[in-house]
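Visitor: Sequence and predicted structure, then a few things I'm wondering about:
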Amino acid sequence: MEEIVSYTFVNKFGEILDQYNYDTPLMPASNLKIITSYMAFKLVGDNYQITTKITKKDRNLIFSGGPTPLLRATYLVKELSKCKNCDRIIFSSSIDNEKYNKRWYLEDINHCYASPIQPFSVDEGCIKNKNNEEEFKPVSNQLKHIVNILRSEEVVNTGNYSVTNQNREGAEVLMIHREKVGDILKHMMEVSCNFSAELLLKYAGYLKFGRGTWENGINAIKKYVIEPLNLPLEEFSIYDGSGLSRSNMVTTKNIAKLLFNISKNGDKKFFDYLIPPGKGTLKNRLSGFNNYGIRAKTGTLGGVSALSGIINKKGIYFSIIINNSLKETEIRQRYIDEILTSHL
C-alpha cells in the first residue's frame, strides 16, 4: 500500500487556504479525540461533575453513578478503610460491561492503551508489571480487580460481586467521588488517554439515550457534534471515542472545518484543551514556535500519524494526516511539523 499524505488549512473565514488529498478518507488515530472531547464539552460543559457514589446496605457494598476514569486505588482504599466485612459488592452501572470494542485489533488488548472499558475502575485500568516496575499492563477484569483490592484490605470478606443496570443505592453513604469533565479532558488530551475517551463516549450515550454503550455514544457524536456543526454525516465513519479502531475514517477537510465551526459556534474556550508545543504529546515537537499560539492534538497508530488544531496568531485551522507509512514514527512527525511550519 502506498503512503498517503493529506492536509487542509482553513482561514478565519472558513475558506480553504491550502490542501492536498483533502477529500481522502483516512484513519485519524487520536485526532478523533477532538470530536469526542468537544462532544463532552458541548453536551454537559467542562464544569459538569461525573460522580461515583459508594454506599452500604445490609452487608452489601454498592457502587453507583458514572465512570470516573481518574480514580486511584490508594484513594479508594483510604476512603473505605473504616468499612469492614461486607459480604458482596454490587456494581450499579450507567454504562455497559462490554470491555473491548469489536473494531479493535486483538493484539492491542494486551497493552494499557487498550485497557478494558468497564463501568468502574481504578488507576485507568492498569497495574505495574511485576517483572518490570517501570512498565504497566492492563487489568483484564477491572471490577474483579476492585473486589480483590478491597478484599485484601478486609473491606469485603469474599470475592463475590454482581453487575446490574438497575439503580441501586444504600442508605449509608461511604464515599462520593467527583471528577470535573474539564479535568478529564485536560488529562485525556495531554497524554492522549484512550481509556478516558471511551468512558466519556459511553457516558454521553447514557446521558442522552439512557444506556452507556459505544453505539449510543457514537449516536451522541452524530446528533450533538456533526449535525449541529453542519458537517456531512456520511463522510464520518466513527466506531469508538479514542481513535484506536482502524475502521475510523475521516478527511482532513472535515477535521479542519470542524475546528473552524467550533470557533464560529462561539466555543473558542474548547481550544484550551488542545496542546501547545513543548507540552504533553508535543513535548519534543515544534520547539521555537510557541509565539504562534499553536494548539493541537496528535495522533499515532502503526503507519499513521496525525496533527490537527489551530494557529491562533494566523487564525488558521488545520489538519494533517499520514496513513500507510512504513517510515518510523519520528520521521512521520517531523514531516508533519514541516508541513505545519511552512504555513506559519
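Guide: Yes, it's here. Owing to the predicted nature of the structure, the values given are computational and were not obtained by experimental measurement.
Visitor: Now do the helices in the stretch 201-344 of the chain.
Guide: Per DSSP state H, counting those that start in this stretch, the stretch 201-344 of the chain carries helices over the ranges 214-221, 252-264, 329-341.
Visitor: Out of the ones you listed, which one sits most buried?
Guide: helix 252-264 (a mean of 23; mean count of other Cβ atoms under 10 Å). No exception for glycine: its C-beta is placed from N, CA and C like everyone else's.
Visitor: And the contacts of that helix?
Guide: For helix 252-264, the external contacting residues (Cβ atoms under 8 Å, 6 or more residues apart in numbering) are 6-10, 14, 16, 19, 21-24, 26, 28, 31, 34-35, 38, 225, 229-232, 235-236, 268, 270-271, 308-310, 317-321.
Visitor: and if you look at stretch 91-105?
Guide: Under the criterion Cβ under 8 Å, 6+ apart, residues 62-67, 109, 114, 116-120, 141, 143, 161-169, 198-199, 202-203, 205-206, 211-214, 239-240, 244-247 lie in contact with stretch 91-105.
Visitor: same deal with stretch 126-136?
Guide: 112, 115, 137-139, 145.
Visitor: How about residue 151: what's its closest non-neighbour residue?
Guide: Nearest residue to residue 151, sequence neighbours excluded (Cβ to Cβ, 6 or more residues apart in numbering): residue 159, at 6.1 Å.
Visitor: my read is that neighbour is in a strand, agree?
Guide: No - going by DSSP: H, G, I helix; E, B strand; the rest coil, the assignment for residue 159 is coil, not a strand.
Visitor: Distance-wise, check it relative to residue 199.
Guide: Residue 159 sits 24 Å away from residue 199, going by Cβ to Cβ, to the nearest Å.
Visitor: what does residue 316 give?
Guide: For residue 316 relative to residue 199 (Cβ to Cβ), the value is 32 Å.
Visitor: And stretch 284-294, what's buried?
Guide: Residues of stretch 284-294 classed as buried by neighbour count (16 or more other Cβ atoms under 10 Å): 285-286, 289, 292, 294.
Visitor: Rebuild those as TSV, extending it with pLDDT and distance to residue 94.
Guide: Below are these laid out as TSV (pLDDT from 0 to 100; distance: Cβ to Cβ, whole Å):
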residue	pLDDT	distance to residue 94
285	96	38
286	96	39
289	95	42
292	97	42
294	98	37
